[in-house]
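In: what follows is a predicted structure for the sequence shown.
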Amino acid sequence: MTVSPVTPHRLDPAGGCPHADNARLLAHGALATVELPGGIEGVAVLGHEALKEFLAHPEVAKDARHFTALTEGRIPEGWPLATFATVRGMTTADGDDHRRLRSLVSRAFTARRVTELRPRVEELTETLLDDLADAAADGGGVADLRRHFALPLPMGVISELLGVAPEFRDRLHRLSSQVVATDIAPEQAVAANRELVAVLAAIAAAKAQSPCDDLTSALIAAREEDGDRLSQEELIGTLVLMIIAGHETTLNLITNAVRALCGHRDQLGLVREGEADWADVVEETLRWDAPVSYFPFRYPVRDLAVGGTVVPRGTPVLAGYSAAGRDASVHGPDADRFDVTRPRRPDAVRHLSLGHGAHYCLGAPLARLEAGIALERLFTRFPDLDLAVPESDLTRHSSFVGNSVRALPVRLG
């Protein structure tokens, strides 16, 4: 059985809300052929069970040497998804290389280390709530929650972990946004990638000269202690991945959770009444409106049957997290409903929005901690917080990878 539908679904480089298209594609099957920018054909795995199987399959690779169109020279310079395929780091490594790179970073995300970060996350959250209130006072009662709160919290935390000074953070976010954009012009994509690498290389060089108690210094020390353990390219690639993944996904998670609660006041009421907690809100947001919609790439190392369909060897495959989260065959006929009590149901199925298998999101515990604290403190401080514009007026991300909105104007009440 071939992947359906036969006519590839064109993924809109401008992004947009994915859920209507996801529902239509899921009605045809768990996998769908898709057209990527530049007319490159790929596959999206949409169904929960098929995605779970695919993410953990031993004959699925992350290394771009298995990407047929790339090895055949059909991917042009400045292709907007090139960084996802070619950056050197643990998300594009397999086997021993993946384990080696992951082990170097994992020490920063142990359960104990994340627990130790709680006071700092709480302190930063309170400071940012003050900033949000000031921004609303200056804006006639309206402030962009994404800019003043949802962004600087995870960016601040990951920057402190990496030892990135505050003066670099706005620039790194701007460049990260360009790197993950799918509607960016080729020359802009090349320039953004080069600038991001240059900035991180300069930060790494400064750390090499004056090491500190941070993850960047620890990675450099590991390379110097064992020269073949971490190359310069792998060091910079790891920093690229840590900066992007360390703040973009949590930024979207917090933004999407606030949107969901403002649009479902009854669910916010359940939390306040003790029928659910903030961790339930985080998990339901991850399922219902995943911060990453279609994540690139994995490649079958041979023609592979997944969910009853065959994916040809070397095909670039996207993990359809936003679709899997609303797969009614697994999450029930009310999968489209935002329900914060769902994680407590005995029949509830755990979502896949933070991955599955060997490449499960290393920063998941930190993302959950940040989002839970952020939401609790936000709605405690501003219990009447609401959107300042209708949900339909919010401008979506210019990417089919990230799933959120560009700005979130709110009234604090």
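Out: Cool, the structure landed.
In: can you give me the strands for the stretch 301-413 of the chain?
Out: Along the stretch 301-413 of the chain, counting by DSSP state E, counting those that start in this stretch, strands occupy 304-306, 309-311, 317-320, 386-387, 409-411.
In: quick one: these as TSV, columns for distance to residue 339, mean neighbour count and mean pLDDT too.
Out: (Each C-beta comes from the backbone N, C-alpha and C, glycine too.) Formatted as TSV, the strands of the stretch 301-413 of the chain follow (distance: least, C-beta to C-beta, whole Å; neighbours: other C-beta atoms under 10 Å; pLDDT from 0 to 100):
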stretch	distance to residue 339	mean neighbour count	mean pLDDT
strand 304-306	29	17	95
strand 309-311	31	20	94
strand 317-320	21	27	98
strand 386-387	20	16	98
strand 409-411	23	20	98
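In: tell me where the stretch 251-400 of the chain has helices.
Out: 265-272, 278-288, 321-324, 328-331, 364-381 (DSSP state H, counting those that start in this stretch).
In: hang on, the earlier thing: between the strands of the stretch 301-413 of the chain, which gets nearest to residue 334?
Out: strand 317-320 (20.0 Å; C-beta to C-beta).
In: just name the most buried of the helices of the stretch 251-400 of the chain.
Out: Of all the helices of the stretch 251-400 of the chain, helix 321-324 carries the top mean neighbour count, a mean of 26, counting by mean count of other C-beta atoms under 10 Å.
In: identify the bridge partners of residue 61.
Out: Beta-bridge partners of residue 61, counted by DSSP bridges, are residue 299.
In: strands of the stretch 151-300 of the chain, residue ranges please.
Out: Under DSSP E, counting those that start in this stretch, the stretch 151-300 of the chain gives strands at 294-300.
In: low-confidence stretches in it?
Out: 224-228 (pLDDT under 70).
In: which residue is nearest the centroid of the protein?
Out: Central residue of the chain (C-alpha atoms, centre = their mean): residue 249, 3.4 Å from the mean position.
In: tell me how far it lies from residue 154.
Out: Distance of residue 249 to residue 154, computed by C-beta to C-beta, to the nearest Å: 8 Å.
In: give me the common contacts of the two.
Out: Applying C-beta atoms under 8 Å, 6 or more residues apart in numbering, one finds that residue 249 and residue 154 are jointly contacted by residue 367.
In: what's the local residue count around the nearest residue to residue 56 once chain neighbours are set aside?
Out: In this structure, residue 56 finds its nearest non-sequential neighbour in residue 357, 3.6 Å apart by C-beta to C-beta, 6 or more residues apart in numbering. Neighbours of residue 357 under the rule other C-beta atoms under 10 Å: 14.
In: the helices in the stretch 51-200 of the chain, which residues?
Out: For the stretch 51-200 of the chain, the helices defined by DSSP H, counting those that start in this stretch cover 68-71, 82-86, 95-106, 111-138, 145, 152-162, 169-180, 186-209.
In: right, and residue 256 touches residue 285 too?
Out: Yes. Residue 256 is within contact range of residue 285, at 5.4 Å (criterion: C-beta atoms under 8 Å).
In: for the residue nearest to residue 56, give its distance to residue 343.
Out: According to C-beta to C-beta, residue 357 and residue 343 sit 21 Å apart.
In: check residue 243 too.
Out: 30 Å.
In: more neighbours, these two?
Out: A direct count of neighbours by other C-beta under 10 Å for residue 243 and residue 343 places residue 243 higher, at 26 against 20.
In: follow-up on the earlier one: quick one: which of the helices of the stretch 51-200 of the chain is nearest residue 46?
Out: Closest approach to residue 46 among the helices of the stretch 51-200 of the chain (C-beta to C-beta): helix 82-86, 18.6 Å.
In: list the buried ones in the closest one?
Out: Neighbour-count burial for helix 82-86, with 16 or more other C-beta atoms under 10 Å as criterion, is recorded at 82-85.
In: output the contacting helices and strands for it.
Out: Using 3 or more C-beta pairs under 8 Å, 6 or more residues apart in numbering; DSSP states H and E as the contact test, the elements touching helix 82-86 are helix 186-209, strand 294-300.
In: tell me which of the helices of the stretch 51-200 of the chain sits most buried.
Out: Mean neighbours per residue, mean count of other C-beta under 10 Å, is largest over those for helix 145, with a mean of 28.
In: quick one: the nearest residue to residue 184 once chain neighbours are set aside and residue 174, what's the gap?
Out: Of all residues beyond its chain neighbours, the one nearest residue 184 is residue 80 (5.2 Å), with distances taken as C-beta to C-beta, 6+ apart. As judged by C-beta to C-beta, residue 80 and residue 174 stand 16 Å apart.
In: next one: residue 146
Out: 14 Å.
In: try residue 97
Out: Noted for residue 97: a distance of 31 Å to residue 174, by C-beta to C-beta.
In: who's in contact with residue 97?
Out: residue 63.
In: and it, what pLDDT?
Out: Note on residue 97: pLDDT of 93.
In: name the SS class of residue 32, please.
Out: strand (DSSP: H, G, I helix; E, B strand; the rest coil).
In: surely it touches residue 9?
Out: Yes. At 5.6 Å, residue 32 counts as touching residue 9 under the criterion of C-beta under 8 Å.
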